[in-house]
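Colleague: Fold the following, please.
(chains A and B)
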Amino acid sequence: MSAVTPIDLPVDEDQKKTLARGERRVESGGFAKGTKRRLTSRGATIAALVIAILWTIPTFGLFVSSFRPANEVRTTGWWTILSNWGFTIDNYTTVLQSGNSQLTLAGAFINSIAITLPATAIPLVIASLAAYAFAWMDFRGKNMLFIAVFALQIVPIQMALVPLLQLFSRGEIFGFPVIAAFGQAGYAQVWIAHSIFALPLAIFLLHNFIAEIPAEVIEAARVDGAGHGQIFFRIVLPLTMPAIASFAIFQFLWVWNDLLVALIFADGSVAPMTKLLAEITGSRGQDWHLLTAGAFISILVPLIVFFSLQRYFVRGLLAGSTKG
Amino acid sequence: MSSFLTWLSTLPALAQVPVIIAAFVVLIGILIFFIEIAPRRGRIYTILRLAACVLIPLLILAALESYTIAIIAAGVLGLLFFWLDYRSSAGAGYLFQLFGFLAPAIVLLAIGLVVPTIQTTIQAFQNARGDGFVGLDNFIWIFTQPQAIRTVLNTIVWVLIAPVVSTIAGLAYAVFIDKSRGEKYFKILVFMPMAISFVGASIIWRFVYTARPADQEQIGLLNQIVVWFGGQPVTFLSADPWNTLALIVVLIWVQTGFAMVVLSAAIKGVPAEQMEAAELDGTNAWQRFINVTVPGIRSSLVVVLTTISIASLKVFDIVRTMTAGANNTSVIANEMYTQFKNFEQGRSAAFAVVLFLLVMPIVIYNARQIKKQREIR
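Modeller: This is a model prediction of the structure:
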């Protein structure tokens, strides 16, 4: 479970318009001149400032501490930085080399990348294939199947973890061996597990976008002799790229930030950073100079993604409720 | 397949990424190619379709190294499917296309979510090794052991507190910063925790909560504040029952940004005319907020509340990283993992089922909303 979930819950039509309107206004930046009137008082601004500071201080403290010499971190609070001056990057070099017998944090960082990229790309492609069929092909029981897929996303992944692990490691379903076990399969288990768990939400959100493509566009392509394969590849995929991109950001952050799936499916030397950090927190919970630096390394990539793609992030967050 | 994966795992970590993605793209390319040519008429296309129908399922099972009989059965089923498709009323090839689009997702969902969910449900009624039925024993254990009861109660406390507080905080913040100067930057500050992993957030807050003995200088901010006000340092994470609250704060810290962004967009969508009309009627800011804004964003509020409720029910990472469930802070999702690690498969499954049952009311609520939505259309 990660911190990030796009809203996938349905809201009614009016609300959807309200949200879409609000989102447009946020994105256009300015508000219509005539209606611009500050409804907030000075008290509200102060309250907002207080909340903003409260919310930022914990991260700021972590950031400052990660650059302080180990001894200083151990004995003085980071807010005394002005009287106990001193900066170092030793914490970072140390923590990247520390870990357990199988893995250092630097290796775990590489693992996180190696897990996250395929686990983002694979489910998106599979989901857009299915979403296309749900949006533009007719078959009996379509609505039922679609609702079933939608309902699946609220099955907690805890329900699936252990049996899925048995399938991977022993090839068993219901205790009967059906396929060869994956053996020393490296990242494969995590990739597949993440891909499967992402599908219900991805299908649902992408369907909403793909269904919005004007029917004339699809029809015109069909008249020109394109089959479903070409329509999907040449028309639907390019047109839904913005939606796919914004969902990709979520999936990326979800996988990068995940701990539970990693704990079950990524053993030993393929563990991502979240798992190793949780382990270090358990075993060396008072080595704050290491923990702060380690935590900062792990949140660095999400923060970069967040700050550079913030707009898509917000749009994606509102996607489920404004589109569809 | 397993030898391919074994070979793949011998490559350097970052080299595996392009290899697996390339392999995947090739497979999808082949699939789309067959989908494209499926509806075409002519003998050659029919033969190609026949070959695809039989060979694709056969090869997949062969790649997974299943039993020979299963591999052959898959081929026969493919043949049967070809015939069904050939005779289908929508024209030969239509079913093939439909299957091509849907099968990857549906098959993965079936083996990765549906079947495991059924298996877990069955395991919940079995013993630790999963080879004998024990009836309701696992559930009786959950609801009679003081520790396990505490776990369930903690989860309920999470669900009662976290969604409400984050929604209120997010709403208040959204209203306070609405149309203020630098709104964008205000938003980023509160929204940022959402990008951080729960593990990262937990470490951040563990640092805030750290306690040192009273005679030493404090390095945790919260305890320093306590000391400044003349108190004794508190070990927040072991002070039962307040430690659960200390953990809930982390989730609130993360989820407030989510609530704020959604509600802020909703507030901006409330028609300005309504606000002006209310203003002309001589209402004050609070009355406008209660009587115009809140009704206007009602269903966004519901969405935010239910989304955060689901997140709080499933909360795992925070508890795992902060306390690992020590000092009576465990929640259902954490206990499910702990029992699994202790080779108590039955109890672990039972916890998963309890979690599922707690999420269920929200599922039903959602399904109703969808239905309503479809009727409006």
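Colleague: where do the helices sit along the stretch 201-324 of chain A?
Modeller: With DSSP state H, counting those that start in this stretch applied, the stretch 201-324 of chain A shows helices at A:215-223, A:228-230, A:237-239, A:241-257, A:260-265, A:273-283, A:288-308, A:310-322, listed in chain order.
Colleague: can I get these in JSON lines with distance to chain B?
Modeller: Where you see a C-beta, it was placed from the backbone N, CA and C, and this is true even at glycine. Shown next, in JSON lines, are the helices of the stretch 201-324 of chain A (distance: least, Cβ to the nearest Cβ, whole Å):
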{"stretch": "helix A:215-223", "distance to chain B": "11"}
{"stretch": "helix A:228-230", "distance to chain B": "3"}
{"stretch": "helix A:237-239", "distance to chain B": "10"}
{"stretch": "helix A:241-257", "distance to chain B": "3"}
{"stretch": "helix A:260-265", "distance to chain B": "5"}
{"stretch": "helix A:273-283", "distance to chain B": "4"}
{"stretch": "helix A:288-308", "distance to chain B": "4"}
{"stretch": "helix A:310-322", "distance to chain B": "6"}
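Colleague: out of those helices, deepest packed?
Modeller: Comparing those by mean neighbour count (mean count of other Cβ atoms under 10 Å in any protein chain shown), helix A:260-265 ranks first with a mean of 24.
Colleague: Relative to chain B, which residue of the stretch 51-200 of chain A is the closest?
Modeller: Closest to chain B within the stretch 51-200 of chain A is A:G186: 2.7 Å, counting by Cβ to the nearest Cβ.
Colleague: circling back: which stretch in the helices of the stretch 201-324 of chain A has the least confidence?
Modeller: Per-segment mean pLDDT for these reaches its minimum on helix A:310-322, at a mean of 65.
Colleague: Nearest spatial neighbour of B:S238, chain-adjacent residues omitted?
Modeller: B:N327 (4.5 Å; Cβ to Cβ, 6 or more residues apart in numbering or on different chains).
Colleague: From what I see, the one you found and B:L237 are in contact.
Modeller: Yes. With contact defined as Cβ atoms under 8 Å, B:N327 and B:L237 form a contacting pair (6.9 Å).
Colleague: These two: which is more packed in?
Modeller: Just comparing B:N327 and B:L237: by other Cβ atoms under 10 Å in any protein chain shown the higher neighbour count belongs to B:L237, 22 against 15.
Colleague: now the strand or helix carrying B:L358: mean pLDDT?
Modeller: Following DSSP states H and E, one finds B:L358 within helix B:345-376. Mean pLDDT, helix B:345-376: 76.
Colleague: for the residue of the stretch 51-200 of chain A closest to chain B, helix, strand, or coil?
Modeller: Of the three states, A:G186 takes coil under DSSP: H, G, I helix; E, B strand; the rest coil.
Colleague: Excluding residues flanking it in the chain, which one is nearest it?
Modeller: B:S9 (2.7 Å).
Colleague: ok so, going back, number of residues surrounding the residue of the stretch 51-200 of chain A closest to chain B?
Modeller: For A:G186, the count of nearby residues is 25 (other Cβ under 10 Å).
Colleague: Verify the stated contact: it with B:W7.
Modeller: No. Taking Cβ under 8 Å as the contact criterion, A:G186 and B:W7 are not neighbours in contact, 9.6 Å apart.
Colleague: Could you tell me the angle between the biggest helix by length in chain A and helix A:288-308?
Modeller: Determined from DSSP state H, the single longest helix within chain A is helix A:105-136. Here helix A:105-136 runs at an angle of 30 degrees relative to helix A:288-308 (axes from the mean of the first three to the mean of the last three Cα atoms, to 10 degrees).
Colleague: ok, and for helix A:105-136, which residues are buried?
Modeller: Across helix A:105-136, burial judged by 16 or more other Cβ atoms under 10 Å in any protein chain shown covers A:105-136.
Colleague: quick one: contacts for B:F139?
Modeller: By Cβ atoms under 8 Å, 6 or more residues apart in numbering or on different chains, the contact list for B:F139 reads B:124, B:350, B:353-354.
Colleague: returning to that earlier point: return every residue with contacts to both of B:N327 and B:L237.
Modeller: B:N243.
Colleague: Say whether chain A is contacted by the helix or strand that B:V254 is a member of.
Modeller: In the assignment (DSSP H and E), B:V254 maps to helix B:242-269. Yes. Judged by Cβ under 8 Å from any Cβ of the partner chain, helix B:242-269 comes into contact with chain A at B:253-258, B:261-262, B:264-269.
Colleague: Now do the buried residues in that helix.
Modeller: Buried residues in helix B:242-269, counted by 16+ other Cβ under 10 Å: B:243-244, B:246-269.
Colleague: Just the C-alphas of the helix or strand following it, formatted as PDB.
Modeller: Next helix or strand after helix B:242-269 toward the C-terminus (DSSP H and E): helix B:272-280. C-alpha atoms of helix B:272-280 as PDB (Å, rounded to 0.1, in the frame of the first residue of the first chain):
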ATOM      1  CA  ALA B 272     -19.500  31.900  -8.100                       C
ATOM      2  CA  GLU B 273     -23.100  33.000  -8.600                       C
ATOM      3  CA  GLN B 274     -24.300  30.900  -5.700                       C
ATOM      4  CA  MET B 275     -21.700  32.400  -3.500                       C
ATOM      5  CA  GLU B 276     -22.600  35.900  -4.600                       C
ATOM      6  CA  ALA B 277     -26.300  35.300  -4.100                       C
ATOM      7  CA  ALA B 278     -25.600  34.100  -0.600                       C
ATOM      8  CA  GLU B 279     -23.500  37.100   0.000                       C
ATOM      9  CA  LEU B 280     -26.300  39.400  -1.100                       C
END
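Colleague: Report the separation between the residue sitting nearest the centre point of chain B and A:R74.
Modeller: In chain B, the residue lying closest to the centroid (Cα atoms, centre = their mean) is B:A311, at 7.1 Å. Per Cβ to Cβ, to the nearest Å, B:A311 is found 35 Å from A:R74.
Colleague: residues of whichever strand or helix holds B:I20 that come out buried?
Modeller: Secondary structure assignment for B:I20, by DSSP H and E: helix B:13-37. Within helix B:13-37, the residues that qualify as buried are B:13, B:16-17, B:20, B:24, B:28, B:31-32, B:34-37, counting by 16+ other Cβ under 10 Å.
Colleague: And the furthest pair within those?
Modeller: B:A13 and B:I37 (37.9 Å; Cβ to Cβ).
Colleague: quick one, what contacts residue 278?
Modeller: Defaulting to chain A. Counting by Cβ under 8 Å, 6+ apart, A:A278 touches A:259, A:263, B:199, B:317, B:320-321.
Colleague: Switch to chain B, please.
Modeller: B:A278 neighbours (Cβ under 8 Å, 6+ apart): B:287-288, B:291-292.
Colleague: Okay, domains of chain B per the record?
Modeller: B:2-123, B:140-376 (automatic domain parsing).
Colleague: swap that for chain A, sorry
Modeller: Domain ranges of chain A: A:13-37+A:103-322, A:40-88, per automatic domain parsing.
Colleague: From chain A, how far off is B:I72?
Modeller: Using Cβ to the nearest Cβ, to the nearest Å, B:I72 is found at 15 Å from chain A.
Colleague: how about the nearest residue to that residue, chain neighbours excluded?
Modeller: Per Cβ to Cβ, 6+ apart, closest to B:I72 is B:L58, 7.7 Å.
Colleague: In this structure the one you found contacts B:L79, no?
Modeller: No. Using Cβ under 8 Å, B:L58 is not in contact with B:L79; the gap is 9.8 Å.
Colleague: if you count what's nearby, which of those two comes out ahead?
Modeller: With neighbours defined as other Cβ under 10 Å, B:L58 and B:L79 compare such that B:L58 has more, 20 against 15.
Colleague: Quick one: residues contacting the more buried one.
Modeller: By Cβ under 8 Å, 6+ apart, the residues touching B:L58 are B:71-72, B:74-75, B:78.
Colleague: now those residues: which count as buried?
Modeller: Neighbour counting by 16+ other Cβ under 10 Å classes B:71, B:74-75, B:78 among the contacts of B:L58 as buried.
Colleague: wait, what's in contact with A:Y132?
Modeller: So A:Y132 contacts A:210, A:228, A:232, A:236, B:101 (Cβ under 8 Å, 6+ apart).
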